[in-house]
Each structure stands twice: as C-alpha cells, then as structure tokens.
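Student: this is a predicted model, with the sequence first.
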Amino acid sequence: MKKFEELKFNIPPLKDLSTKNVEEHLKLYSGYVKHTNLILEKIEEYMSDPEKNTYIISELRRRLGFEFNGVRNHEYYFQSLEGGAKPLPENSKLKEEIEKQISSFDVWLSNFKTLAMTRGIGWAVLGYDKQTKQLLNIWIDEQHIGQLNGFEWILCIDMWEHSFIYDYATSEKKKYVDAYFENLNWEVIEENFKKVK
C-alpha cells in the first residue's frame, strides 16, 4: 500500500501567530501522517488472521477516520497560510457566490467567525455542495465527526487549542481567529473554490 507523505509548507513569519506555534502545530500534522500510515500497516498485518483479529481490525478502521482527516484537514489549513497574507482577488468568484446566498461578504465572514467560536474542539469549515450548488458553513467535531458526504472544503480554521496555545490563552481564542484571517492567503481560498465549482 502506498504510504501517505508529509507535505512541506512555505509559511512565512505570520502576524500575531508565532513561529513557535506554527512549528509545534506542524509537528502534530506530522503525527497524523505517521499514525495514518501506522494504522494501515497494522490493519494489513492483522488481516493475516481476520477472524481472530476482527475486534482489533474494526477499532483500527474506526481510528483511521480520525487520523486520516487529521492529515487532510491540516493540509487545507497550512496551505491557506502559504505565501503570506493576500487579499481576495478582484472580481472574486467566491465572493460573488457568497453574495448570491447571503446579503454581503462581511455578513458571511462575521457568521463564519461566530462559527469558529463554537465551544469545544474542532474545525470551522466553508465548503461547497455540488448537488445543491451552495456554500455551507459547518462545524466538524474533533477531526471527523460531522463531515458531510461529498462536501468540498474551501476554507477552514483549526479550533483545537494546539493551533493557538503558544500565543493565546484558551479564553482568548477570538484573538487567534482574527490573527488567522489577518494572515490568510485569499488567493489560495479562491483557487480552492475554482477547483470545486
């Protein structure tokens, strides 16, 4: 089975998000890659006697969703910070689509930031449903609970404490949300939207 490989990201120094925080966060991403590969290896190993190892295999498969989504979620997140902060392109198709569904881009952004403040650990995600051709803001618990089938990610923010703990207390996560958007490369987000549209 082909192994999953850890991506490298070109993230410059960020405003109000320390290099230490980013480096520690990248180590966690690395761990998700490692554990995804390890689980797949172990499943293959235990499949030598599937009847005897049914329980172990089932639990490993259950864990795979958490680890695998931990890989992919973080890849979306870190790619959105590559290359430094860049504004939403003029004549943005994403902005145009948002404003078809909601009164204004600013209203959507305020709603998204409110979603990011959901109590608990998880992810705030803007995605696109191709069947209904609509954008949705959703909350993902942990790395995987609440994922919508066929829902294509466009933008996300990691709201686990590990994403900001070196810079902000847990009671200050709003500052982290604001800092994330100050550093966001909107050109990457626009490109994500073009790919799913």
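Tutor: It's in.
Student: elements contacting the longest helix seen in the chain?
Tutor: Scanning the chain for the longest helix, with DSSP state H as the assignment, gives helix 19-46. Taking 3 or more CB pairs under 8 Å, 6 or more residues apart in numbering; DSSP states H and E as contact, the helices and strands that helix 19-46 lies on are helix 54-79. For the C-beta atoms, the positions are set from N, CA and C on the backbone; glycine is no exception.
Student: the following helix or strand past the helix it packs on - contacts with which helices or strands?
Tutor: Sequence-wise, the next helix or strand downstream of helix 54-79 (DSSP states H and E) is helix 93-101. The contact analysis (3+ CB pairs under 8 Å, 6+ apart) places helix 93-101 against helix 105-116, strand 134-141, helix 186-196.
Student: make it 6 Å
Tutor: helix 105-116 (3 or more CB pairs under 6 Å, 6 or more residues apart in numbering; DSSP states H and E).
Student: what residues does the helix it packs on touch?
Tutor: Applying CB atoms under 6 Å, 6 or more residues apart in numbering, the external contacts of helix 105-116 come out as 95, 98-99, 102, 124, 137, 157, 159, 177.
Student: contact partners for the spatially most central residue of the chain?
Tutor: Nearest residue to the geometric centre of the chain (CA atoms, centre = their mean): N73, 3.2 Å. Contact analysis of N73 by CB under 6 Å, 6+ apart lists 123, 143.
Student: got the angle for the longest helix of the chain vs helix 54-79?
Tutor: 150 degrees (axes from the mean of the first three to the mean of the last three CA atoms, to 10 degrees).
Student: ok, and the closest non-adjacent residue to S18?
Tutor: D167 (5.3 Å; CB to CB, 6 or more residues apart in numbering).
Student: these two touch, right, that neighbour and T19?
Tutor: No - here D167 does not reach T19: they are 10.4 Å apart, not a contact under CB atoms under 6 Å.
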